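# Need coordinates for the following:
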Amino acid sequence: MLIYILILLIRYCVWLAEADDLKLIKCNKGLTGFSALIVLVALMLAAITAAAAVFMTTGELNTAVQGKNRPDDVQFEQAIVVEQVMARDTDSDKKLDEIDFIIRYGRGNNRIYFNDTIIYAQSSVTDCPEFEFGASAGNCNYSLTYFQRGTKWRDYTLSEGDIARLRVTNVTSVEDRNAIFKFVPETGMIAHIQIDFPKRIMGSNYQVWPVK
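Okay, here's the model as predicted:
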């Protein structure tokens with residue numbers, strides 16, 4: 001709309017400058033006014049261009065910020081989501097015997113292979129710095145059980161719709177208020193959780209994470 005008005009003003013000025021019935025002095029005044037108007041038009045066009053650039057830059061920044069703040073963005077989603085951690089007492093002596101990690105598939109395009117997924121431990125409840133899948137890992141291994149299988153399920157993997165239990169048994173019953181476990185797949189973000197293990201386990205399955 002603004003550009004259309006500027007075009008009309010320019011045409012009006014040209015008409016004044018070329019009018020046959022104007023006197024020389026009026027023509028000179030008209031040309032002077034025409035030059036001033038050209039300068040004004042140039043300034044207005046420069047202002048419009050600058051405003052458009054600022055608007056586009058602001059829009060791009062807002063889009064980038066909104067993209068980073070989205071909690072469900074694929075690139076910021078953990079490949080493995082830990083839903084629960086259960087401390088198990090298998091012989092009713094109120095001591096820790098096993099740890100169950102209930103996990104599900106996060107988001108992304110890549111299937112998780114447990115043969116390439118390591119659980120790193122920083123805790124006094126175990127002397128294993130890491131757990132690998134299967135008996136071949138010796139005492140520092142975790143076993144796998146599926147609670148739910150999605151439409152893309154394949155054995156020894158985790159994909160959309162799958163819910164599984166990872167169990168470790170090489171543990172001791174000691175108090176650890178700041179136990180850290182990291183789930184590291186071959187691809188995707190690392191799942192990092194902090195667990196508060198009590199000295200005594202109340203019940204055969206005692207939830208230690210998340211704490212409600």
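
# the domain parsing of the chain - what is it?
Residue ranges for each domain of the chain read 2-69, 77-209, as given by automatic domain parsing.

# Could you tell me the least trusted of those domains?
The minimum mean pLDDT among the domains of the chain belongs to domain 2-69 (a mean of 54).

# need the helices for this protein, in chain order.
Ranges of helices within the chain are 2-17, 24-69, based on DSSP state H.

# is it true that residue 183 touches residue 104?
No: shown here, residue 183 and residue 104 do not form a contact pair, counting by Cβ atoms under 8 Å, at 11.6 Å. The way it works is simple: take the backbone N, C-alpha and C, and place the C-beta from them, glycine included.

# can you list residues touching both of the two?
Common contact partners of residue 183 and residue 104 (Cβ atoms under 8 Å, 6 or more residues apart in numbering): residue 80.

# So these two - more neighbours on which side?
Shown here are residue 183 and residue 104; by other Cβ atoms under 10 Å, residue 183 has more neighbours (24 against 17).

# Grab the nearest non-local neighbour of the more buried one.
residue 191 (4.0 Å; Cβ to Cβ, 6 or more residues apart in numbering).

# And for residue 94?
Among residues not flanking residue 94 along the chain, residue 200 sits closest, at 4.6 Å (Cβ to Cβ, 6+ apart).

# and that neighbour, what is it in contact with?
Contact analysis of residue 200 by Cβ under 8 Å, 6+ apart lists 94-95, 173.

# Make TSV out of those and add neighbour count and distance to residue 153.
Below are these laid out as TSV (neighbours: other Cβ atoms under 10 Å; distance: Cβ to Cβ, whole Å):
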residue	neighbour count	distance to residue 153
94	14	37
95	16	35
173	17	35
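
# In this structure, mark out all the strands, start to finish.
Secondary structure of the chain (DSSP state E): strands at 80-88, 98-105, 112-113, 118-122, 130-133, 141-148, 157-158, 163-168, 176-184, 191-197, 205-209.

# The fourth one - contacts with which helices or strands?
Read that as strand 118-122. Strand 118-122 is packed against strand 130-133, strand 176-184, with contacts defined by 3 or more Cβ pairs under 8 Å, 6 or more residues apart in numbering; DSSP states H and E.

# at 10 Å what do you get?
Applying 3 or more Cβ pairs under 10 Å, 6 or more residues apart in numbering; DSSP states H and E, one finds that strand 118-122 contacts strand 98-105, strand 130-133, strand 141-148, strand 163-168, strand 176-184, strand 191-197.

# so of those, which one's packed in deepest?
Among those, the stretch with the highest mean neighbour count (mean count of other Cβ atoms under 10 Å) is strand 98-105, at a mean of 21.

# From residue 187, how far out is residue 102?
According to Cβ to Cβ, to the nearest Å, residue 102 stands 22 Å off from residue 187.
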